[in-house]
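*Asks:* Give me coordinates for this.
(2 chains)
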Amino acid sequence: MKIAITGHTAGIGQALANQYQSRGHEIVGISRREGYNIRVIPKVCDLIEPCDVFVNNAQIGFAQTELLFEMTRRWAQSNKHIIVISTMMTQDPVSVLPGLEMTEYRNQKVTLEHAVLQLRHVRPGIKYTIVRPGNIATSTDKTVPPAADVDNWAKVLIHTLDMAQANNLVIPDISLGPTT
Amino acid sequence: MKIAITGHTKGLGRELKQAYEQQGHDVVGYSRSNGYDLRNWANMQKMIEQVKDCDMFINVAKPDFVQTTILYELWKCWKNQPRTIVNIGSVVATMPVCPKNLFDDPNMDIYRTAKVSLNEASRQLSFKSFYPNVVMVNPMHLYSNPIQESEQQRLTTWVNTLIDIMTQVDSNKFLLKEITF
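*Replies:* Model (predicted):
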């Protein structure tokens, strides 16, 4: 399969790209480090469109949500798969972490999940999986000490998604984090 | 009062500006027509800098997710100050989901998502600190850009009602947090 991943050069995106690659999939990576800005929606969507799966991972403001809407429009007639990387933080009714940045970050992720629920309701066809990582080690998040290795996390996640697909099961959402 | 309004040249924003001006308030507007396309980060920061000493900010203009971003940026600037931020959302944000054929508008999905974002941000910020007071207003069955005379009249009445409610609440030393009507 051809899999598009935004933010594939660091953290979760990189770990997922490595896992997919080791399973023989072709990766279409879209990252700032390679000169792509996910805020330029049409250009990024042109790269994603010919793929089978879109891992909507990189986050800057509301760009993740905007990409989700545009790819839903472009893939409207298909049953392709969009994997949306959110955060376990959305499962808390309030933003408990200090600092306004985290409240804003959480709001962007809540918005993203709301968009998935909305689109699922009105646009059947495309499969959406919301993935909520817990506190796992990524190079971007240095505020809290990590409790799980990102490569192991990615391995378990993709194994789970593959198992489900092989058995004709669907995973609308999954929260996966360390036990401690 | 000194009041700032985004999107003050048409529809709901214009009505609000006129109504407050008639009551003798000092109203300043920001929209594309006077060089404030608020999708542009520099423009937004320039506006935030200029509205620093306003008593009330009315967040009307609605390009994409810009309203939520404005709310956060202004809140940072006004933290712990007894000022008021009024966000104009939509009744669709209070519905569990946007109905499939609402107005037959394909952009209704993203419109609702943006308004949900604004409602959520408003609640989170109210939870964070008492001031500034963040008010979430969700208009219902209202033509914000009226075409017919009757729609225009309805909008005018709605705006006057909102101002009346907010004034009443304020003069009785209550705080208004959310209202849908």
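*Asks:* going forward, measure contacts and count neighbours with C-alpha atoms only.
*Replies:* Noted.
*Asks:* so what's residue 15 up against?
*Replies:* You didn't say which chain, so I picked chain A. For A:Ala15, the contacting residues are A:8, A:150-151, A:154, by C-alpha atoms under 8 Å, 6 or more residues apart in numbering or on different chains.
*Asks:* wrong one, I was asking about chain B
*Replies:* Applying C-alpha under 8 Å, 6+ apart to B:Glu15 gives the contacts B:8, B:155-156, B:159.
*Asks:* partner residues bridging the residue nearest the centre of chain A?
*Replies:* When chain A is reduced to its mean C-alpha position, the closest residue under C-alpha atoms, centre = their mean turns out to be A:Ile85, at 2.6 Å. With DSSP bridges applied, the residues forming beta bridges to A:Ile85 are A:Val131.
*Asks:* can you check B:Ile88 too?
*Replies:* Under DSSP bridges, the residues paired with B:Ile88 across the bridge are B:Val137.
*Asks:* Relative to A:Pro98, how far out is it?
*Replies:* Applying C-alpha to C-alpha, to the nearest Å, the value for B:Ile88 to A:Pro98 is 27 Å.
*Asks:* Of those two, which one has the most company?
*Replies:* Using other C-alpha atoms under 10 Å in any protein chain shown, the more surrounded residue of B:Ile88 and A:Pro98 is B:Ile88, with 21 against 9.
*Asks:* was I right about the more buried one contacting B:Met136?
*Replies:* Yes: using C-alpha atoms under 8 Å as the test, B:Ile88 is close enough to B:Met136 to be in contact (6.5 Å).
*Asks:* Show me the common contact partners of those two, please.
*Replies:* Contact criterion C-alpha under 8 Å, 6+ apart; no residue bridges B:Ile88 and B:Met136 by contacting each.
*Asks:* helices or strands next to the helix-or-strand element of chain A with minimal mean pLDDT in the packing?
*Replies:* Across the helices and strands of chain A, mean confidence by mean pLDDT, DSSP states H and E is lowest for helix A:100-122: a mean of 92. For helix A:100-122, the contact count by 3 or more C-alpha pairs under 8 Å, 6 or more residues apart in numbering or on different chains; DSSP states H and E identifies helix A:63-74, strand A:127-133, helix B:108-128 as packing neighbours.
*Asks:* Run through who's touching that helix.
*Replies:* So helix A:100-122 is contacted by A:61-62, A:64-65, A:68-69, A:72, A:86-87, A:89-90, A:95, A:97, A:126, A:128, A:130, B:72, B:97-100, B:109-110, B:113-114, B:116-117, B:120-121, B:124 (C-alpha under 8 Å, 6+ apart).
*Asks:* For the chain, which segments count as helices?
*Replies:* Since you didn't name a chain, this refers to chain A. Secondary structure of chain A (DSSP state H): helices at A:11-22, A:41-48, A:63-74, A:100-122, A:150-166.
*Asks:* actually it's chain B I care about, not the one you picked
*Replies:* B:11-22, B:41-50, B:66-78, B:108-128, B:149-171.
*Asks:* Adding mean pLDDT as columns, could you present those helices in a markdown table?
*Replies:* A markdown table is the format used below for those (pLDDT from 0 to 100):
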| stretch | mean pLDDT |
| --- | --- |
| helix B:11-22 | 96 |
| helix B:41-50 | 96 |
| helix B:66-78 | 97 |
| helix B:108-128 | 92 |
| helix B:149-171 | 95 |
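*Asks:* out of those helices, deepest packed?
*Replies:* Comparing these by mean neighbour count (mean count of other C-alpha atoms under 10 Å in any protein chain shown), helix B:108-128 comes out on top with a mean of 22.
*Asks:* so how far is it off the chain centroid?
*Replies:* Taking C-alpha atoms, centre = their mean, to the nearest Å, one finds helix B:108-128 lying 12 Å from the centre of the chain it belongs to.
*Asks:* next one: stretch A:25-38
*Replies:* 14 Å.
*Asks:* what about it, average pLDDT?
*Replies:* In this model, stretch A:25-38 has an average pLDDT of 93.
*Asks:* Briefly note if it comes near chain B.
*Replies:* No: contact between stretch A:25-38 and chain B is absent, the nearest approach being 15.5 Å (criterion: C-alpha under 8 Å from any C-alpha of the partner chain).
*Asks:* Same question for stretch A:58-76.
*Replies:* Yes: counting by C-alpha under 8 Å from any C-alpha, contacts between stretch A:58-76 and chain B involve A:62, A:69.
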